[in-house]
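1. Here is the input, now give the coordinates:
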Amino acid sequence: MALLVVLLALAALRGPDLFTAGGMAGAISVATPLILATLALTPIAIAGRGGVDLAVGPVLVFVNVTVIHWLVANDITSPLAIIPFALAVGIVVQLIQGLAIAVLRLQPVVVTLSGFLVFAGLDLVILSKPGGEAPGWLASWGAGTDLLSPALLVLLGALVAWALIARSTLFRNIRLMGSNERTAYASGIQLIPTRLGAHAIAGVFVGLAGLMYTALIASGDPTQGDTYTLIAVTALVLGGTSLAGGLGGGLGSVMGAIDLFLISYVLSTFDFGSSTAFVVQLTYGLVLVCALAFGSLVTIVVARRRTWRAAGAQA
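-> Presented below is the predicted three-dimensional model:
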């Protein structure tokens, strides 16, 4: 929260246009895909076993390029076709990864890194370079001209959905499983369906992220998958979700994504010339390292306090 306040103050000083109606509308359009991608990472990370979906960026882009090249290019432009397709792609891909992790017992980092490589390649095979055109209704969602835009409605709807999911028995089981698989199993929790449930939730949000990414750029672009993975994972960690599992939540993920958007915005107000992209990526990397270091420090401090309390009780 303190970081968010500092970044808002810097943004107000360096680029006050952000706080106009037009500036806020544009910010919502740009930040929505990142927020949704970070929410997609959250249940998988909370589910434990070191689960962090490195494929989230390429899968998000896979939704984008397939919508543009497979649907729109073949005159399939109805929202009744495109929206279910985007959600279905996200869910199916995540369930495949979930099956590999839960049933085959492969390490999550191996599965998702493989997914990253496979889908990064598929994205370029399907659409070799940026191009195509989104249907008018979808492009208007990411236009960023009105504060009360469809992008805002999608974002609010996703947040309401997350709030409902977070109160469900499934999500409580996901959290318990992430804290301790053995305890969860001993409590009667079915581990495989629970882990698949975490991946299904992630699939819905990554599908929405791909849809809003398409709305934002109003075309297809196969080149941004690695960038979205980097910033989404950074936002996840910055928001307080533990990569060890069991800890974290949607609110922290949303705040982490907003923090990264504001960092990018503030840096854009400085004149770094041709080095701007490098400076932004470097800053993201430093933020990720600092967030991980801080999280590890907190874990060590908490563990030591518990040890001291246990020793004091025995004495």
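
2. now the worst-scoring helix or strand of the chain on mean pLDDT: how far from the chain's centre is it?
-> Taking mean pLDDT, DSSP states H and E as the measure, the chain has helix 276-314 as its least confident helix or strand, at a mean of 77. The chain centre lies 21 Å from the centre of helix 276-314; the measure is Cα atoms, centre = their mean, to the nearest Å.

3. Over to stretch 198-218?
-> That offset, for stretch 198-218, works out to 9 Å (Cα atoms, centre = their mean).

4. The least confident helix or strand of the chain packs against which elements?
-> Applying 3 or more Cβ pairs under 8 Å, 6 or more residues apart in numbering; DSSP states H and E, one finds that helix 276-314 contacts helix 225-238, helix 250-268. For every residue, glycine as well, the C-beta is placed using N, CA and C.

5. Now do the last one: distance to the chain's middle.
-> Taking Cα atoms, centre = their mean, one finds the center of helix 250-268 at 12 Å from the center of the full chain.

6. Quick one: mean pLDDT for that helix?
-> Mean per-residue pLDDT for helix 250-268: 93.

7. mind listing the helices for the protein?
-> When secondary structure is read from DSSP state H, the chain shows helices at 2-14, 21-46, 56-66, 79-102, 108-126, 136-141, 150-166, 169-179, 181-186, 191-217, 225-238, 250-268, 276-314.

8. how far off helix 191-217 does the second one point, in degrees?
-> The reference is to helix 21-46. 160 degrees (axes from the mean of the first three to the mean of the last three Cα atoms, to 10 degrees).

9. How about helix 21-46, which residues are buried there?
-> Residues of helix 21-46 classed as buried by neighbour count (16 or more other Cβ atoms under 10 Å): 23-46.

10. before we move on, the earlier item: and the least confident helix or strand of the chain, which residues are buried?
-> Neighbour-count burial for helix 276-314 [16+ other Cβ under 10 Å]: 280, 283-284, 287-288, 291, 295.

11. would you list the helices of the chain in CSV and tack on distance to A73?
-> Shown next, in CSV, are these (distance: least, Cβ to Cβ, whole Å):
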stretch, distance to A73
helix 2-14, 39
helix 21-46, 22
helix 56-66, 10
helix 79-102, 12
helix 108-126, 10
helix 136-141, 14
helix 150-166, 23
helix 169-179, 37
helix 181-186, 45
helix 191-217, 13
helix 225-238, 20
helix 250-268, 31
helix 276-314, 30
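
12. Would you tell me which one of the ones you listed is buried the most?
-> helix 56-66 (a mean of 29; mean count of other Cβ atoms under 10 Å).

13. So which elements touch it?
-> Taking 3+ Cβ pairs under 8 Å, 6+ apart as the contact cut, helix 56-66 packs with helix 21-46, helix 79-102, helix 108-126, helix 191-217, helix 225-238.

14. Work out the gap between it and the centre of the chain.
-> 13 Å.

15. tilt between that helix and helix 21-46?
-> 120 degrees.

16. So for helix 56-66, mean pLDDT?
-> Mean predicted confidence for helix 56-66 is 98.

17. ditto for stretch 76-91
-> The model assigns stretch 76-91 a mean pLDDT of 97.

18. cool, and stretch 96-110?
-> On average, stretch 96-110 scores 94.

19. and if you look at stretch 173-182?
-> 93.

20. same deal with stretch 147-157?
-> 90.

21. picking that back up, kindly reformat the buried residues of helix 276-314 as JSON lines containing distance to R304.
-> Formatted as JSON lines, these follow (distance: Cβ to Cβ, whole Å):
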{"residue": "V280", "distance to R304": "37"}
{"residue": "T283", "distance to R304": "32"}
{"residue": "Y284", "distance to R304": "31"}
{"residue": "V287", "distance to R304": "26"}
{"residue": "L288", "distance to R304": "25"}
{"residue": "A291", "distance to R304": "21"}
{"residue": "G295", "distance to R304": "15"}
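
22. Now flag whichever of these is closest to I263.
-> Closest approach between the buried residues of helix 276-314 and I263, by Cβ to Cβ: T283, at 6.0 Å.

23. Tell me if I'm right that the closest one and I263 touch.
-> Yes - judged on Cβ atoms under 8 Å, T283 makes contact with I263 at a distance of 6.0 Å.

24. For N64, see how far away the spatially closest residue to T145 that is not a sequence neighbour is.
-> In space, and not counting its chain neighbours, T145 is closest to A25: 6.1 Å by Cβ to Cβ, 6 or more residues apart in numbering. For A25, the distance to N64 (Cβ to Cβ, to the nearest Å) stands at 21 Å.

25. How many residues are close by the residue lying closest to A21 once chain neighbours are set aside?
-> Nearest residue to A21 in three dimensions, chain neighbours excluded: L147, at 4.9 Å (Cβ to Cβ, 6+ apart). For L147, the neighbour count with other Cβ atoms under 10 Å is 16.
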